[in-house]
Each structure stands twice: as structure tokens, then as C-alpha cells.
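**Q** this one's structure only:
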Ligand SMILES: Cc1cc2nc3c(=O)[nH]c(=O)nc-3n(C[C@H](O)[C@H](O)[C@H](O)COP(=O)(O)O)c2cc1C
């Protein structure tokens with residue numbers, strides 16, 4: 001399986017990093033791109049400085065990952081920019097309101113929005129893990145537009161019924177749903193119904 005992972009400038013970079021770290025251990029090929037704003041948010045949220053021009057996966061993930069191929073967000077010659085490249089699914093995580101708006105309106109002005117445009121036109125799986133609150137009517141209309149065009153909008157909404165104890169547990173409640181949508185088997189969280197009975201609310 002070949003998966004495009006893009007990170008844009010919304011809060012929620014730990015979701016993107018966790019997804020990449022898990023995919024790095026799986027028999028999949030990952031094509032990765034980060035927007036300029038994603039690098040800025042990474043510096044704030046993860047205290048990591050990513051040089052987009054001289055990217056190295058170790059500086060992002062703290063480890064090597066042979067199956068991750070990186071492409072600069074302005075490199076429109078990357079495979080993901082063309083429908084003829086056989087890539088199976090694309091996940092934008094986190095997806096900013098800005099990227100959502102450009103994708104909803106067909107503004108393919110960088111590699112990430114162009115790739116999303118390609119996935120829509122080729123009717124391939126496109127997952128937008130959006131993060132913004134509250135939502136304006138503009139955001140909501142853009143979500144409707146991309147949904148009508150075939151994308152899946154999956155707001156980064158962690159759940160609490162898996163009784164997360166750490167930040168990582170909380171992140172995994174979102175990542176598990178992304179894996180479900182990608183059709184990737186994972187056991188990072190116990191499925192509802194497989195866990196112990198939860199005490200009824202008083
Ligand atoms: C620390 C930080 C956090 C941000 N969080 C969000 C957010 O949660 N959602 C969002 O839509 N934009 C957020 N932004 C604003 C976007 O980064 C900005 O709109 C940017 O132009 C998006 O560009 P991109 O979509 O090309 O990455 C944030 C910016 C910074 C610096």
C-alpha cells in the first residue's frame with residue numbers, strides 16, 4: 001500500500017507524528033510532505049526544528065524510516081502531484097482551515113493541495129483530519145464541499161470512553177480511526193465491546 005501523509009499548519013502535529021511513527025514500522029510506502037506552516041507549528045508543539053529544504057526524517061521522528069519518502073511542498077514534480085502515480089490514499093493530518101479552504105475550492109498552489117486535488121479527481125481516498133474550533137460558516141461550507149467531492153472529513157476529536165491515561169493514549173483514539181479508514185489493521189486501542197464494562201454514569 002502507498003500512502004500520502006501531509007502535515008499542514010493546524011494544531012495537532014502530535015497526530016501526524018504518531019501516524020508516521022506507526023507507518024514507519026509497517027509494510028507500506030509513505031510519501032510525506034509538510035507545509036511551511038506545519039514546520040512552524042511543529043516548532044511550537046513539539047519543539048523540533050524541521051528544515052523543509054534539507055529534510056531528514058530523523059530530525060522529525062527521532063528515528064530512521066526507510067519507507068518514508070519526503071517531498072518539499074513546492075515540488076510539483078513529486079509522484080503525488082500526478083494521477084498517473086498509483087498512490088492508494090492520502091491523509092492530511094493535521095489539516096488547517098486554510099488547506100481545507102484551498103482544497104474545497106480547487107486552489108492547487110502547492111504540492112499538498114495539488115495532491116488532494118488529484119485524489120479527488122481520481123476518486124481516491126482522501127482523509128482530512130481537520131482541527132479548528134469553533135467552526136465558521138466558511139469552514140462548514142468547505143467541509144460540505146470536500147465531502148461532496150468525495151473526501152472524508154475526520155475532525156481530530158479524541159474520545160474518552162477508551163479511558164486514556166496519557167496524551168499518547170488520547171492521540172491513539174484518533175489514529176485508530178484513521179487506520180480504520182485506511183483499511184489498516186492495528187491494535188493500538190482496544191475496540192469498543194472488547195474492553196471491560198464501563199461503570200454506568202451516576
Ligand atoms: C501555533 C499555531 C497553531 C495554529 N493552529 C491552527 C489550527 O488549529 N487550525 C487552523 O486552521 N489554523 C491554525 N493555525 C494557522 C495556520 O497555520 C495558517 O492559517 C496557515 O496559513 C495554514 O497554512 P497551511 O494550510 O498551508 O499549512 C495555527 C498557526 C500557528 C502558528
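**A** Yep, it's here. Keep in mind that what you see is a predicted model, and the values were worked out from it rather than measured.

**Q** can you point out the buried residues in the helix-or-strand element of the chain with minimal mean pLDDT?
**A** When the helices and strands of the chain are scored by mean pLDDT, DSSP states H and E, helix 57-61 comes last with a mean of 91. Buried residues in helix 57-61, counted by 16 or more other Cβ atoms under 10 Å: 57, 60, 61. Any C-beta I mention is one placed from the backbone N, CA and C, and that applies to glycine too.

**Q** before we move on, what about stretch 45-59?
**A** 50, 55, 57.

**Q** of these, closest to residue 129?
**A** The nearest member of those to residue 129, counting by Cβ to Cβ, is residue 50 at 19.0 Å.

**Q** next up, the contacts around that closest one.
**A** Listed by Cβ atoms under 8 Å, 6 or more residues apart in numbering, the contact set of residue 50 reads 34, 39, 42, 43, 59, 60.

**Q** could you pull out the strands for the chain?
**A** 2-7, 29-34, 68-70, 89-95, 125-130, 152-153 (DSSP state E).

**Q** surely residue 132 is in contact with residue 8?
**A** No - in this structure residue 132 lies outside contact range of residue 8 using Cβ atoms under 8 Å: 11.4 Å.

**Q** now the common contact residues for the two.
**A** Shared contacts of residue 132 and residue 8, counting by Cβ under 8 Å, 6+ apart, come down to residue 96.

**Q** looking at those two, which one has more neighbours?
**A** residue 8 (33 against 18; other Cβ atoms under 10 Å).

**Q** show me what contacts the residue in the chain that the ligand sits nearest to?
**A** Per Cβ to the nearest ligand atom, the residue of the chain with the smallest distance to the ligand is residue 9, at 2.6 Å. By Cβ under 8 Å, 6+ apart, the contact set of residue 9 is 35, 36, 37, 38, 40, 41, 96, 98, 99.

**Q** in a markdown table: those, plus neighbour count.
**A** Output for the contacts of residue 9, formatted as a markdown table (neighbours: other Cβ atoms under 10 Å):
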| residue | neighbour count |
| --- | --- |
| 35 | 24 |
| 36 | 12 |
| 37 | 16 |
| 38 | 25 |
| 40 | 13 |
| 41 | 22 |
| 96 | 23 |
| 98 | 16 |
| 99 | 27 |
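
**Q** those also near the ligand: which ones?
**A** 35, 37, 38, 40, 41, 96, 98, 99 (Cβ under 6 Å from any ligand atom).

**Q** could you export those as a markdown table, including distance to residue 116 and pLDDT?
**A** A markdown table is the format used below for these (distance: Cβ to Cβ, whole Å; pLDDT from 0 to 100):
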| residue | distance to residue 116 | pLDDT |
| --- | --- | --- |
| 35 | 12 | 98 |
| 37 | 16 | 98 |
| 38 | 14 | 98 |
| 40 | 20 | 98 |
| 41 | 19 | 98 |
| 96 | 12 | 98 |
| 98 | 13 | 98 |
| 99 | 8 | 98 |
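
**Q** all helices for this protein, in order.
**A** Using DSSP state H, the helices assigned to the chain run over residues 13-23, 36-45, 57-61, 97-104, 111-121, 137-148, 167-182.

**Q** can you tell me which of the ones you listed the model trusts least?
**A** Ranked by mean pLDDT, the helices of the chain end with helix 57-61 in last place, scoring a mean of 91.
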